[in-house]
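K.L.:
Predicted coordinates and the sequence they were generated for:
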Amino acid sequence: MTAETPAPPATGWTLHADRALPADPTTRALAREILAATVDLPIVSMHGHVDAALLNADEPFGNPAELFVVPDHYLVRMLVSQGVPHDALGVPRRDGGPVETDPRAIWRTFAAHWHLYRGTPTRFWLEHVLAGVLGLTERPSAASADRLYDAISERLAEPGMRPLALVDQFRIEVLATTDPASATLADHAALAERGWGERIVPTFRPDALLHLDRPTWRADLDLLSERSGVDATTYAGYLRALEQRRAAFVAAGARATDHGHLRGDTSPLPLADAERIFAAAVRGEVEAPEAEAFSGHMLFEMARMSSEDGLVMQFHPGVLRDHDPAVLAARGPDVGYDIPVPTEFTHALRPLLTAFGHHPGLRLIVFTVDEDTYSRELAPLAGVYPAMRLGAPWWFLDTPDGMRRFREAVTDSAGFYNTTGFVDDTRAFFSIPARHDLARRIDAGHLARLVAEHRLDLDEAVETAVDLAYRLPLASYPKPGDASAGAAADA
């Protein structure tokens with residue numbers, strides 16, 4: 001069926017109870033029993049990108065195109081790969097040039113290409129949202145597009161579809177946003193005043209300040225000085241300003257930092273070199289190799305600060321951002337052109353782990369999109385250094401088969417309890433429960449196979465499934481200073 005051929009209406013479009021569970025009848029029966037123990041557990045979403053301003057405003061969501069199509073780089077990149085231009089999807093231009101602005105037309109374009117998502121996690125997530133959350137009864141297609149657009153619009157207008165109501169409906173116990181180091185945190189303060197401070201928390205993301213050769217670095221540095229009240233134009237002042245902002249995040253309820261670098265190097269620099277490179281950056285004269293060395297040095301410094309203030313350090317290197325310079329110039333970042341690269345961890349993390357790998361105050365959670373490193377490097381590292389844990393399959397790997405490969409690759413060396421449970425890493429608020437549901441199903445299937453092979457007893461598998469879905473995420477991201485949570489994570 002082509003994009004131009006209308007699809008017949010699908011009647012009774014429902015989510016199959018056994019979706020993503022093993023096909024083998026014996027294993028599937030075990031997986032059902034294991035999944036039953038986790039399917040209704042609260043969601044602990046400790047690594048995501050939902051905008052705190054959206055949550056604080058708590059206003060009705062926009063139309064289906066603005067909500068599901070335009071901002072979703074997973075969805076957009078697939079359509080672009082098949083020749084659908086960004087303009088037709090309403091993706092804005094940096095120069096303000098014309099793009100499609102009719103949301104119904106954008107939605108029609110997406111619906112007519114629904115077949116492109118067959119076999120992808122995007123299809124699984126969207127089915128969960130459209131059929132499970134919104135109650136639609138037919139699949140997207142050219143023929144159904146307008147009916148679905150109207151049905152979704154009606155649902156989005158209901159009071160129960162506002163963001164904070166959905167936090168309850170989705171059973172989200174903790175939702176972490178991701179915020180730049182210079183964020184005012186005003187939205188979090190307002191949410192805390194309304195009683196959401198324990199459930200919606202910020203995450204400290206200092207990337208803009210750690211990469212000295214970014215075009216906006218000097219402006220971001222000046223903003224750091226303004227927000228921290230510390231002159232950050234000297235290296236010593238820069239460190240104090242970062243420490244001040246981290247303290248402000250802790251006061252606002254933050255539990256973690258988040259670091260996205262191209263490479264994994266964590267080599268510290270001699271003080272004189274760090275000061276010299278920083279001063280060159282302030283003058284606008286830093287060279288790319290020295291800027292790269294400084295960013296690795298600052299990862300070491302971030303680990304030091306985390307060992308002191310208790311913020312969990314999340315690290316996910318290995319993605320070349322904005323692969324197409326022309327698209328970056330025309331559209332900006334986050335439109336689907338971030339591509340994985342091979343990543344080395346054993347040597348790269350050695351300086352950090354030598355200094356802090358046994359430090360009781362550090363929790364380092366490492367993610368990757370280079371799955372070759374799971375069994376060769378990351379699982380053995382997490383399997384011996386008490387400070388290190390493995391983050392969940394992330395980005396290009398949060399797929400059914402990617403998550404299965406993760407469990408098979410890391411459990412031999414790291415077990416289950418040196419991992420941290422699932423993170424959804426999403427801006428797509430409606431997809432949070434879909435992503436956690438898929439992870440729980442894949443873990444149920446993996447554990448069921450171990451039971452079927454008599455490698456685990458069923459009661460152990462059920463307990464492990466609950467730990468992976470709920471207890472481990474809570475324990476892996478304790479509140480700074482919460483010794484009991486840290487002890488639970490190590491138990």
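P.N.:
Cool, the structure landed. Residues are numbered from 1 along each chain as shown.
K.L.:
Where does pLDDT dip in the stretch 51-200 of the chain?
P.N.:
Judged against pLDDT under 70, the stretch 51-200 of the chain has no low-scoring part.
K.L.:
ranges for the helices of it?
P.N.:
52-57, 64, 73-81, 103-112, 121-127, 145-156, 163-169, 186-193 (DSSP state H, counting those that start in this stretch).
K.L.:
what would the ones you listed look like in JSON lines with distance to residue 45 and mean neighbour count?
P.N.:
Yep, even glycine has a C-beta here, placed from its N, CA and C like the rest. Putting the helices of the stretch 51-200 of the chain into JSON lines (distance: least, C-beta to C-beta, whole Å; neighbours: other C-beta atoms under 10 Å) gives the following:
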{"stretch": "helix 52-57", "distance to residue 45": "12", "mean neighbour count": "18"}
{"stretch": "helix 64", "distance to residue 45": "23", "mean neighbour count": "26"}
{"stretch": "helix 73-81", "distance to residue 45": "17", "mean neighbour count": "18"}
{"stretch": "helix 103-112", "distance to residue 45": "25", "mean neighbour count": "21"}
{"stretch": "helix 121-127", "distance to residue 45": "14", "mean neighbour count": "21"}
{"stretch": "helix 145-156", "distance to residue 45": "21", "mean neighbour count": "17"}
{"stretch": "helix 163-169", "distance to residue 45": "10", "mean neighbour count": "16"}
{"stretch": "helix 186-193", "distance to residue 45": "15", "mean neighbour count": "17"}
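K.L.:
okay, those in JSON lines with distance to residue 355 next?
P.N.:
Listed next are the helices of the stretch 51-200 of the chain as JSON lines, based on distance: least, C-beta to C-beta, whole Å:
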{"stretch": "helix 52-57", "distance to residue 355": "33"}
{"stretch": "helix 64", "distance to residue 355": "50"}
{"stretch": "helix 73-81", "distance to residue 355": "36"}
{"stretch": "helix 103-112", "distance to residue 355": "49"}
{"stretch": "helix 121-127", "distance to residue 355": "37"}
{"stretch": "helix 145-156", "distance to residue 355": "50"}
{"stretch": "helix 163-169", "distance to residue 355": "39"}
{"stretch": "helix 186-193", "distance to residue 355": "32"}
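K.L.:
what about residue 115, neighbour count?
P.N.:
Neighbour count for residue 115, taken as other C-beta atoms under 10 Å: 15.
K.L.:
no, scratch that, I was asking about residue 412
P.N.:
By the criterion of other C-beta under 10 Å, residue 412 has 11 neighbours.
K.L.:
CA atoms only: put the helix or strand encompassing it into PDB for me.
P.N.:
Applying DSSP states H and E as the criterion places residue 412 in helix 400-414. The C-alpha trace of helix 400-414 is given here as PDB (Å, rounded to 0.1, in the frame of the first residue of the first chain):
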ATOM      1  CA  PRO A 400      12.700  -4.000  21.700                       C
ATOM      2  CA  ASP A 401      15.700  -5.800  20.200                       C
ATOM      3  CA  GLY A 402      18.100  -3.200  21.500                       C
ATOM      4  CA  MET A 403      16.900  -3.700  25.000                       C
ATOM      5  CA  ARG A 404      17.100  -7.500  24.700                       C
ATOM      6  CA  ARG A 405      20.600  -7.200  23.500                       C
ATOM      7  CA  PHE A 406      21.500  -5.000  26.400                       C
ATOM      8  CA  ARG A 407      20.300  -7.500  29.000                       C
ATOM      9  CA  GLU A 408      22.100 -10.300  27.200                       C
ATOM     10  CA  ALA A 409      25.400  -8.300  26.900                       C
ATOM     11  CA  VAL A 410      25.700  -6.800  30.300                       C
ATOM     12  CA  THR A 411      24.200  -9.300  32.800                       C
ATOM     13  CA  ASP A 412      27.100 -11.700  32.700                       C
ATOM     14  CA  SER A 413      29.500  -9.100  34.000                       C
ATOM     15  CA  ALA A 414      27.400  -6.500  35.800                       C
END
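K.L.:
No further questions, thank you.
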